[in-house]
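J.: starting from these lines, generate the structure:
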Amino acid sequence: MNYSVNHIFKPERYLYYIPVGDTDLTTMYLGIIPEVFANYKDAFGTYDCPGIFRLNLDDNPRTVIGLEFRKNDPRITYPENLECIELPASFMLGIDLTSDIILDRKTVAEIAGEFNPPQSCVINWPFLRKDENPPVIEIFTQDGKNRIYVTARTTDKSYTFIPETPQANTHEELYKKAYLDPITGYYNWNHLKPYLEGFGLKGIQDFAFVHFDIKDFKTINEIYSHHVANNLLRRIAKKITQEDWIYQGARCDNDNFALMVKDMPNDELKSKLEIFFAELSGLPEDPSYTIYFRCGVVPMKNFLLLSDRGPDGAKLVQKMGTSFNRTEIIFYTDKIHDEILWGKKIKTYLNTAIANDEFLVYLQPKYDINTEKIVGAEALVRWDYQKKGLLPPIKFIPYLEREGSIGKVDDIVLHKVCQYLKKWQEQKIPVHPISVNLSRKQLEKQNIIDHLTRIVDSYGIDHSLIDFELTESMTLTNPVYMMSLLSDLKSKGFKISMDDFGTGYSSLSLLTEMPLDTLKIDKSFVDGIDTPDATTKEDTVVKYIISMAKELNFHCLAEGAENKNQIDKLRSFGCESIQSFYYSKPLPVEEFELKLKA
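T.: Down below sits the predicted model:
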């Protein structure tokens, strides 16, 4: 059965519940929650979503439908006229199942009874073991997610992993090196991490996790000196210790800090953080300089869902802050959580998908703008996910790029393109160059030139029939390396295209050094020339891009021209080829092959 395992710590909490019969449980397993909980789902102070709870805490074992709430918080509106039981604090092992597994009472019993935590669980959480007779089993089936939590047994040494104080440690210097930051004298990540894993052990029942850094900290170091920068780090650490709403904190590394703070409604916590950062925004050494921060926040409910990935969630939303001249505080949401789960799911399923040949190649023809005949195509990957239908590229390409797995898909596309070209040549069908996208991760691999060449040569395909396509922004990260890489590809006879030209703000001087064959004008420019007569600023820009491409001996291709007005203008500007829905959408290989034969 396909599942993954994580662990969470749940504090003492109230379970408000209703007794249920078989019909109620069947409905709940289908993801339909009782109306009595509708107004409380996602309310402040609730944990997770309504679920099914198998309770074996006393002499009255029972199965109920309920919702967990934080204890004794005057800001929470607790359900009326519902039965309530207090659940003890406990570690739990979580079983995340694929959404296509249909849960029912029998299946849950089998999974909870038979699942065997993998070796990684023992390595990552050595203080936890599977409880053979769990007093609480929780089942959640909302929003397309299937999760089962079972209480876990802790080992005898489960409480010793939180560091002792220096006074109780005969090796004070070792303690300082292990748990204190040498610059600020404040706690480091080694000290904070155990609190996150077992926060209830130190009396922390509910918290939100905060991760922040200082915008443009490098400038403070370089312009004002390391001494000034270190003073700022010390001021932040001191400020953390002065706030009664902060439970624990740490300087993680460089200018990154992490906090465990009191969980509260988002607007209230945001207000406290804004005041906190505002009081640190001045630089005593230069009152004219304003310090800005970039902050990610994971509320308690989301942290429980993320379990050991909670800090990663905070850092993820922190990185979404891109404004230069203001402090940004960004909260982790359920939507972001769902995207992370989806990314994890397709990452673990990727090798199975490859073995099942689920990745398909569609070809979008490129047409000569004057003869209106096919002169090539771009290979576009499609995923027939679990053989149930095509996923939109936005549902998997960004996730595989982020995880670093996109190179496997790039290789599949190149293999299939070479297979098609070889087949057409053997059948005397006219062939034209086909462009294949190269991802940034792929280009960062060692010996990538040899790797690509071996694939193409294994099919006996002429190198000139393969057009490697990269985006403009990819050339900006390491231009010296990129120039060398492109030159090597070019020397082997491959063609090279730059996609999305004009969107990456590349240097024109850099463009003159690139060994390109084709410059592709991005659709965003072409959209602006959709007027039949009057010359617009967009016309001027496109006209000069085409003129520049010709001066540099680049072939010029425009993407996204969707009507005759745009085609006619591009033709008059001197554009040479078109790739757009006006001529053809991306086609299955069989349909593209028919066009070649026509």
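J.: where are the low-confidence patches of this structure?
T.: 1-3, 98-100, 117-126, 144, 156-171, 472-473, 475-478, 502-510, 532-535 (pLDDT under 70).
J.: got the CA coordinates for whichever helix or strand E68 is part of in PDB?
T.: Taking DSSP states H and E as the criterion, E68 maps to strand 62-70. Extracted as PDB, the C-alpha positions of strand 62-70 are listed here (Å, rounded to 0.1, in the frame of the first residue of the first chain):
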ATOM      1  CA  ARG A  62     -16.200   3.700  21.300                       C
ATOM      2  CA  THR A  63     -16.000   5.300  17.800                       C
ATOM      3  CA  VAL A  64     -17.200   8.900  17.400                       C
ATOM      4  CA  ILE A  65     -17.100  11.800  15.000                       C
ATOM      5  CA  GLY A  66     -15.600  14.900  16.500                       C
ATOM      6  CA  LEU A  67     -13.400  18.000  16.400                       C
ATOM      7  CA  GLU A  68     -10.400  18.800  18.700                       C
ATOM      8  CA  PHE A  69     -10.100  22.200  20.400                       C
ATOM      9  CA  ARG A  70      -7.400  23.900  22.400                       C
END
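J.: by contact count, what packs against it?
T.: strand 13-19, helix 22-29, strand 46-55 (3 or more C-beta pairs under 8 Å, 6 or more residues apart in numbering; DSSP states H and E). C-beta: built from backbone N, CA, C; applies to glycine.
J.: who are the packing partners of the first one?
T.: When you say that, I think you mean strand 13-19. strand 46-55, strand 62-70, strand 83-87.
J.: how about it: buried residues?
T.: 13-18 (16 or more other C-beta atoms under 10 Å).
J.: okay, angle between that strand and strand 62-70 too, please.
T.: Here the directions of strand 13-19 and strand 62-70 differ by 140 degrees (axes from the mean of the first three to the mean of the last three C-alpha atoms, to 10 degrees).
J.: hmm, back to that, what lines up beside the strand holding E68 in the sheet?
T.: Sheet pairing of strand 62-70 (DSSP bridges) gives strand 13-19 (antiparallel), strand 46-55 (antiparallel).
J.: next structured bit after the host helix or strand of L519?
T.: According to DSSP H and E, L519 maps onto strand 518-521. Toward the C-terminal end, the helix or strand that comes next after strand 518-521 (DSSP H and E) is helix 523-526.
J.: pull out the buried residues from that following helix.
T.: For helix 523-526, by 16+ other C-beta under 10 Å, it's 523, 525-526.
J.: convert stretch 189-198 to PDB, retaining C-alpha atoms only.
T.: Taking C-alpha atoms only, stretch 189-198 is exported to PDB below (Å, rounded to 0.1, in the frame of the first residue of the first chain):
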ATOM      1  CA  TRP A 189      18.900  25.900  16.400                       C
ATOM      2  CA  ASN A 190      20.200  22.800  18.300                       C
ATOM      3  CA  HIS A 191      18.500  24.100  21.400                       C
ATOM      4  CA  LEU A 192      15.200  25.100  19.800                       C
ATOM      5  CA  LYS A 193      14.700  21.900  17.600                       C
ATOM      6  CA  PRO A 194      13.900  19.600  20.600                       C
ATOM      7  CA  TYR A 195      11.200  22.000  21.800                       C
ATOM      8  CA  LEU A 196       9.500  21.800  18.400                       C
ATOM      9  CA  GLU A 197       9.500  18.000  18.600                       C
ATOM     10  CA  GLY A 198       8.000  17.700  22.100                       C
END
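J.: many thanks, I have nothing further to ask.
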